[in-house]
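Participant: Here is a sequence together with a model predicted from it:
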Amino acid sequence: DGLIMSSKFRGCLLGSLLGDCLGAPFEGELAGTYVVLQKFFDKLEGPHYKAPLMQYTDDTAMTKCVAESLINQEKLDVKDLAKRFVKEYFNQPRRGYGANVVEVFAKLRATKCEDPFAPAKEQFGGSGSYGNGGAMRIAPIPLFFRGLDTKALAELARQSAEITHTNVNGYNGAILQCLAIQQSLWLNPKQPLNTGIFLEELLKKMQEFEKEDDEFMTEGEDPQPFCSKLRWVNELLARERSGGKRIKEKEDVLFRLGAGVSALTSVPTAIFCFLRAQQGPIHEINTESAFRRTLQYAISLGGDTDTIASMAGALCGAFLGYDGVSISKNLIKHCEGSEEMLNLADRLYSKSLPSDELM
Ligand code: F2R
Ligand code: MG
Ligand code: MG
Ligand code: MG
C-alpha cells in the first residue's frame, strides 16, 4: 500500500546516497580490511555527531538530476535531463566524475543539448562508454515508473543511460540495475527474501535484452555477459548458503564478479552484495542491520566502492524501506544532503504514476 511504497522510495534514495557518501573515501583502494570499516561505521553510528560531513560524489549529483527532471517534467524527458546533467556538472565539477564522461558534458553544452544522444556516441572512438555511470544514477526511474512492464521500463532505462553511455554493456548495466530495483520494490520486506527466486526472475528478464545484441558480437565473445554474471551471483550465494569456504569468499567474489568502474564488473556485484547481506551474517561485520551490512560489505570489496555501495544500498533500501533500514540517525546526518534526498523521495513519490494496480 501507499505507506509502504513511500517508505520504499525514501529507503531506495537514502541507500543510494549513503553508499556513495560512505564508499567515496575508499574508492580505488584494494579490498579493505573488515576491521577498519567496522570502526569507521561504528564511529559514524555512535552517539556523538562529529564533523567532517561525508561528501557525496557524481553518483548522487546525477541521481538528483534524474529525480528532479522526473518531478518537473512528470515523464522521462531526455533533453531536460541532459541539460540538468550539464548544469550540475559545470556548477560543481569536482564531484569525482568519470575521466571521459566530462567530454560529453562539454559537447552537450556547446550544442545546447540539441541532440542529447549525439555526443555520447562519439566516446571511445565510437564504441561508447561501458562505465557504470548510466547504472549508478538509475534509481529514480524504477521508482517513478514502478508499475510499467519490463520492456517499457527497460526502454526508459536505456534512453536515460544513452545520454552518456551508448556501449551495449553501459546501457544494459543500467537496465539490469533498474529491473533489480523494480523487483525489490514489489517484495514484502516483512518476509525473508528468497535470493534464488529473485535471481531467477532477473535472469529471465535480462535474457531478453542481451539476446537483441547478438549481431554486434565478435567471435568468441560472451553474447550474454550480464546473464553469465548473474549465474555466478547465484552460484556464490548458493555456496554460502551451504556453508562453503568462508575465508575465500571475498576473493571469489572479486574473481568472478569484480569491483571495477565498468557496468559489467559492478552492477552484478552490487546485486550480490544486497542479496548476500539478506542471507545472513557476514564474517567480521558486526551489526544487526542488514542495510548497514550491505553497505559495509560492498565497501570492503575495494575498487569502485562508492558506486557499488550506492547501487547495493539503493536495492536494499527499496526492499526494506526507510522504516526497515534500522541504522542510527547520526549515520544519516553524517552524509551530505540526506535531508534533501529524503525530501526528493517524497516529492518523487507524490508525482509518480499511481499505477500500483498495473503489476
Ligand atoms: N571517476 C570516478 N573515480 C575515479 C577517481 C575519482 C577520485 N576519487 C576523485 O576524487 O576525483 N568515479 C566515478 O566514475 C564512475 C562512473 O564513470 P562514468 O560516468 O561511467 O564515466 P566514463 O568516463 O564514461 O567511464 C569511466 C571509465 O571507464 C573506462 N571506460 C568506459 N568505457 C570504455 C571503453 N569503451 N573503452 C575503454 N575504457 C572505457 C574508462 O577508463 C573511463 O574513464 C563511478 O565510479 C563514479 O563514482
Ligand atoms: Mg562517484
Ligand atoms: Mg545503442
Ligand atoms: Mg565510483
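Facilitator: Here it is on my side, so go on. Ligands and ions are numbered 1, 2, ... in the order given.
Participant: from here on, contacts and neighbour counts on C-alpha atoms
Facilitator: Will do.
Participant: Flag the shaky bits of the chain, pLDDT-wise.
Facilitator: 1, 51-52, 212-219, 244-247, 353-359 (pLDDT under 70).
Participant: Spell out which residues of it are next to ligand 2.
Facilitator: Counting by Cα under 5 Å from the ion, the residues of the chain close to ligand 2 are 57-59.
Participant: Just among these, which is most surrounded?
Facilitator: Taking other Cα atoms under 10 Å as the neighbour criterion, residue 59 ranks highest of the residues of the chain next to ligand 2 with 29 neighbours.
Participant: From what I see, it and residue 136 are in contact.
Facilitator: Yes: between residue 59 and residue 136 there is a contact at 5.7 Å, judged by Cα atoms under 8 Å.
Participant: quick one: the helices in the stretch 1-150 of the chain?
Facilitator: Counting by DSSP state H, counting those that start in this stretch, the stretch 1-150 of the chain has helices at residues 2-23, 34-45, 58-73, 78-91, 101-110, 118-121, 133-136, 140-144, 150-161.
Participant: Most tightly packed of those?
Facilitator: Greatest average neighbour count among the helices of the stretch 1-150 of the chain goes to helix 133-136 (a mean of 29), per mean count of other Cα atoms under 10 Å.
Participant: is ligand 4 contacted by that one?
Facilitator: No: Helix 133-136 stays out of contact with ligand 4 when judged by Cα under 5 Å from the ion, the minimum separation being 8.3 Å.
Participant: Could you do stretch 86-99 as well?
Facilitator: No: counting by Cα under 5 Å from the ion, ligand 4 has no neighbours in stretch 86-99; the shortest distance is 8.0 Å.
Participant: what's that stretch in contact with?
Facilitator: Applying Cα atoms under 8 Å, 6 or more residues apart in numbering, the contact partners of stretch 86-99 are 56-58, 61-62, 65, 105-106, 108-109, 133.
Participant: Out of those residues, which are close to ligand 1?
Facilitator: For ligand 1, the contacts drawn from these by Cα under 6 Å from any ligand atom are 58, 133.
Participant: and the gap between residue 266 and residue 272?
Facilitator: Computed with Cα to Cα, to the nearest Å, the distance linking residue 266 and residue 272 is 10 Å.
Participant: For the stretch 201-350 of the chain, give the residue positioned nearest to ligand 4.
Facilitator: Here the stretch 201-350 of the chain gets closest to ligand 4 at one residue, residue 307, 4.1 Å apart by Cα to the ion.
Participant: Now do the same contact list for that residue.
Facilitator: Applying Cα under 8 Å, 6+ apart, the residues near residue 307 are 19-20, 23, 59, 132, 136, 266.
Participant: Nearest to ligand 2 among these?
Facilitator: Among the contacts of residue 307, and counting by Cα to the ion, the member closest to ligand 2 is residue 59, at 4.8 Å.
Participant: The helix or strand the residue of the stretch 201-350 of the chain closest to ligand 4 falls within relative to helix 58-73, how many degrees between them?
Facilitator: Assigned by DSSP states H and E, residue 307 belongs to helix 305-320. Between helix 305-320 and helix 58-73, the angle comes out at 50 degrees (axes from the mean of the first three to the mean of the last three Cα atoms, to 10 degrees).
Participant: Which other helices and strands does the helix or strand following helix 305-320 contact?
Facilitator: For helix 305-320, the following helix or strand on the C-terminal side (DSSP H and E) is helix 329-333. For helix 329-333, the packing partners by 3 or more Cα pairs under 8 Å, 6 or more residues apart in numbering; DSSP states H and E come out as helix 34-45.
Participant: Need the residues that contact the helix it packs on.
Facilitator: 50, 284-286, 296, 300, 327-331, 334.
Participant: The same query, at a cut-off of 7 Å, please.
Facilitator: If you take Cα atoms under 7 Å, 6 or more residues apart in numbering as the criterion, helix 34-45 is touched by 284-285, 296, 300, 328, 330-331, 334.
Participant: Report the separation between the residue nearest to the spatial centre of the chain and residue 120.
Facilitator: Nearest to the geometric centre of the chain sits residue 311, at 2.2 Å (Cα atoms, centre = their mean). According to Cα to Cα, residue 311 and residue 120 sit 23 Å apart.
Participant: angle of the strand or helix carrying residue 295 against helix 305-320?
Facilitator: Per DSSP H and E, residue 295 falls inside helix 290-300. Taking the same axes, to 10 degrees, helix 290-300 and helix 305-320 form an angle of 160 degrees between their directions.
Participant: I'd like the numbering to begin with 374 instead of 1 from here.
Facilitator: In the new count, where the first residue is 374, that last one comes out as helix 663-673.
Participant: which parts of helix 663-673 are buried?
Facilitator: Across helix 663-673, burial judged by 16 or more other Cα atoms under 10 Å covers 663-673.
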